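K.L.:
Below are the sequence and a predicted model for it; my questions follow.
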2 protein chains.
Amino acid sequence: MPVVGTRAAFLVIGNEILTGKVVEENVPFLARELFGLGITLSRIVVCADDEAVIAADVRALGQAHDILFTSGGVGPTHDDVTIPAIARAFDRPLVRDPVLEARIREHFGARTTDGHLRMAEMPQGGELVASEKMSWPVLRVENVWVLPGVPQIFRLKFDLVRDRLARGAPFLTRAIFTRCDEGEIAALLAEVESRVPGVAIGSYPRLSDPEYTVKITVDGRDARAVDTALDALIEALPADRIVRVER
Amino acid sequence: MPVVGTRAAFLVIGNEILTGKVVEENVPFLARELFGLGITLSRIVVCADDEAVIAADVRALGQAHDILFTSGGVGPTHDDVTIPAIARAFDRPLVRDPVLEARIREHFGARTTDGHLRMAEMPQGGELVASEKMSWPVLRVENVWVLPGVPQIFRLKFDLVRDRLARGAPFLTRAIFTRCDEGEIAALLAEVESRVPGVAIGSYPRLSDPEYTVKITVDGRDARAVDTALDALIEALPADRIVRVER
């Protein structure tokens, strides 16, 4: 499928993912959300809690995509280095936002630490996107949206981001569940994909599922093209091997 | 923690992950396995089923790391382009392995298609690593191990790869579950990490868990250093905020 419209990347920051201590949960959520918004998620990178590495990734991914989302590394501890890394990526100094600082001091009072106050820092020129519902704003620096790693908060904050994203025509997806062998249908899938412009056909084998052996997916932005490809596949596949169709 | 020993990267290939159709399951498995083997997993990239993109990623990640694992894109259909992409990354022609070809023809007989036969192709000079238990070998090209995307098969094949990996001293990990606030302990964590060479201290806040609010982890290769850091943290943290310690 030719990539058209907005292209996004996602930088997941955290040693806990690379060491297998934590199972990453934001990728499936963000991928589905962007797909529904018609934004192409082109690349995901998981990197360590290392300021120089994060800065290089933010620069490279941000330049190569229309939007970059980051997750993780925004707390108060020594391994939270995403904000200084983003400042470095954009060659900007870190500044302390007075409104956030006041909010932190009000909340923690005499117990306020330098760690807490680090959470009031941002790269100069960043925008704090807030809403009445959200107790803490989301930081945007140019085309980079900075989100937290904790999945519950990631989702809450993405609600705020969603309204600000330029949408394309949403992607549509259809599926045919079959009892085919992938090798036998390979030529058919390639032929239909190349004949119908603007659709992407995927083929996903499934092991030890009593219902089906291969799921065929047809994705695209144009409903007519997607249905043309879907109908061509249904027509050409052996009828007794089609288990069900999801439109 | 200074990175010492073998460094690995993992390239996950598949539109189905980027569109949110499939939840990736091989990352947590591989991350835990490598951690146990003392191999540092430094970077994970998820890319699309695009031969040029995969080739560029294989070249870049393979050159920057001691080992690269790939998953996905090794089936018989048009969206399976990992093998030609790896050939392109190493500037080598694709060749058809006669043993694999014979095995495919024996299995599929008259139903054998060009799609099936694509699964007998490999970059010239690649090694097929087999065992008596495994019905199908694993392809290695220089420092790149080519694994399938289907999680059950990924795990089976990794059993074969594991025996061939150069091991370092395994990583050890300990954890302290606390009812602390991250901001209040940030300075302590940074101080202990900088004082004890060879350990990495992580801090992971947890929302709405009745048991604890922050999990502190101490990782390293040297048991004495890890325990020194752990004991220093236990000593310095308020005793009534420590829920439990995992050694």
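P.N.:
Yep, that arrived.

K.L.:
Distance-wise, check A:V243 relative to chain B.
P.N.:
17 Å (CB to the nearest CB, to the nearest Å). Yep, even glycine has a C-beta here, placed from its N, CA and C like the rest.

K.L.:
Can you pull the domain assignment for chain A?
P.N.:
Residue ranges for each domain of chain A read A:7-162, A:172-246, as given by automatic domain parsing.

K.L.:
Could I get those in a markdown table, plus columns for mean pLDDT?
P.N.:
Formatted as a markdown table, the domains of chain A follow (pLDDT from 0 to 100):
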| stretch | mean pLDDT |
| --- | --- |
| domain A:7-162 | 95 |
| domain A:172-246 | 95 |
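
K.L.:
my guess is A:G220 meets A:L172, correct?
P.N.:
Yes: assessed by CB atoms under 8 Å, A:G220 is found in contact with A:L172 at 6.2 Å.

K.L.:
which residues are in contact with both of the two?
P.N.:
A:V226 (CB atoms under 8 Å, 6 or more residues apart in numbering or on different chains).

K.L.:
Just want to know which of those two has more residues nearby.
P.N.:
Neighbours per residue (other CB atoms under 10 Å in any protein chain shown) separate A:G220 from A:L172, with A:G220 holding more: 24 against 19.

K.L.:
OK, contacts around that one?
P.N.:
A:M1, A:F171, A:L172, A:G198, A:V199, A:A200, A:V226, A:A229.

K.L.:
wait, what's in contact with the fifth one?
P.N.:
With contact set as CB under 8 Å, 6+ apart, A:V199 has these partners: A:M1, A:E193, A:V218, A:D219, A:G220, A:A225, A:V226, A:T228, A:A229.

K.L.:
Nearest the geometric middle of chain A, what residue?
P.N.:
Geometric centre of chain A, nearest residue: A:L30, 3.8 Å, by CA atoms, centre = their mean.

K.L.:
Give me the secondary structure label for the residue lying closest to that residue once chain neighbours are set aside.
P.N.:
Spatial nearest neighbour of A:L30, excluding adjacent residues (CB to CB, 6 or more residues apart in numbering or on different chains): A:F10 at 5.8 Å. Classification of A:F10 using DSSP: H, G, I helix; E, B strand; the rest coil returns strand.

K.L.:
sorry, back to before: ok, and the residue nearest to the centre of chain A, which helix or strand is that part of?
P.N.:
Taking DSSP states H and E as the definition, A:L30 sits inside helix A:26-37.

K.L.:
Helices of chain A, start to end?
P.N.:
Assigned by DSSP state H, chain A shows helices spanning A:15-18, A:26-37, A:51-64, A:82-89, A:98-108, A:114-118, A:151-162, A:182-195, A:223-236.

K.L.:
To B:P93, which of the ones you listed lies closest?
P.N.:
Of all the helices of chain A, the one in closest proximity to B:P93, counting by CB to CB, is helix A:182-195 (21.6 Å).

K.L.:
For chain B, tell me whether that closest one is touching it.
P.N.:
Yes: with CB under 8 Å from any CB of the partner chain as the measure, helix A:182-195 is seen reaching chain B through A:E182, A:G183, A:E184, A:I185, A:A186, A:A187, A:L189, A:A190, A:E193.

K.L.:
Any chance of CSV for those residues, columns neighbour count?
P.N.:
Shown next, in CSV, are these (neighbours: other CB atoms under 10 Å in any protein chain shown):
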residue, neighbour count
A:E182, 22
A:G183, 22
A:E184, 19
A:I185, 25
A:A186, 23
A:A187, 15
A:L189, 26
A:A190, 17
A:E193, 20
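
K.L.:
Counting neighbours, what do you get for A:R174?
P.N.:
There are 21 residues near A:R174, going by other CB under 10 Å.

K.L.:
How about the contacts made by it?
P.N.:
A:R174 touches A:T217, A:V218, A:V226, A:D227, A:L230, A:V245, A:E246, A:R247, counting by CB under 8 Å, 6+ apart.

K.L.:
how about a markdown table for the helices of chain A, with distance to B:V81 added?
P.N.:
Output for those, formatted as a markdown table (distance: least, CB to CB, whole Å):
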| stretch | distance to B:V81 |
| --- | --- |
| helix A:15-18 | 26 |
| helix A:26-37 | 20 |
| helix A:51-64 | 21 |
| helix A:82-89 | 32 |
| helix A:98-108 | 47 |
| helix A:114-118 | 44 |
| helix A:151-162 | 32 |
| helix A:182-195 | 11 |
| helix A:223-236 | 19 |
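
K.L.:
Nearest approach to B:F90 belongs to which of these?
P.N.:
Checked against CB to CB, the stretch from the helices of chain A lying closest is helix A:51-64, at 23.1 Å.

K.L.:
any idea how far A:E33 lies from A:N26?
P.N.:
10 Å (CB to CB, to the nearest Å).

K.L.:
Please identify which of the two sits among more neighbours.
P.N.:
A:N26 (22 against 18).

K.L.:
nearest spatial neighbour of A:I39, skipping sequence neighbours?
P.N.:
Residue nearest to A:I39 in three dimensions, not counting chain neighbours: A:T6, with 4.6 Å by CB to CB, 6+ apart.

K.L.:
Do I have it right that that neighbour meets A:S42?
P.N.:
No: applying CB under 8 Å as the test, A:T6 and A:S42 come out as separate, 10.1 Å apart.

K.L.:
so of the contacts of A:G220, which ones are in strands?
P.N.:
Judged by DSSP state E, the subset of the contacts of A:G220 located in strands is A:L172, A:V199, A:A200.

K.L.:
Verify the stated contact: the last one with A:E193.
P.N.:
Yes: applying CB under 8 Å as the test, A:A200 and A:E193 come out as touching, 7.0 Å apart.

K.L.:
rewinding a little: and which of the contacts of A:R174 is nearest chain B?
P.N.:
A:T217 (6.5 Å; CB to the nearest CB).

K.L.:
could you list every residue that touches the residue found closest to the closest one once you drop the neighbours it is linked to in the chain?
P.N.:
In space, and not counting its chain neighbours, A:T217 is closest to A:G202: 4.2 Å by CB to CB, 6+ apart. The contact partners of A:G202, by CB under 8 Å, 6+ apart, come to A:I216, A:T217, A:D219, B:N15, B:E16, B:K21, B:D49, B:D79.

K.L.:
quick one: which of the residues you listed is most hemmed in?
P.N.:
A:I216 (28 neighbours).

K.L.:
which residue packs closest to that one, ignoring adjacent ones?
P.N.:
A:I176 (4.5 Å).

K.L.:
Please apply the same query to A:G5.
P.N.:
A:G168 (3.6 Å).

K.L.:
Was I right to think the one you found contacts A:L34?
P.N.:
No: contact between A:G168 and A:L34 fails when scored by CB under 8 Å: they sit 10.0 Å apart.

K.L.:
Now do the contacts for A:F90.
P.N.:
So A:F90 contacts A:V58, A:R59, A:P123, A:G125, A:V141, A:E142 (CB under 8 Å, 6+ apart).

K.L.:
what about the third one, distance to A:S135?
P.N.:
In this case it means A:P123. 22 Å.

K.L.:
neighbours around the nearest residue to A:D97 once chain neighbours are set aside, how many?
P.N.:
Distances taken as CB to CB, 6+ apart put A:A120 closest to A:D97, at 5.3 Å, once the chain neighbours are dropped. Burial of A:A120 is recorded as 18 neighbouring residues (other CB under 10 Å).
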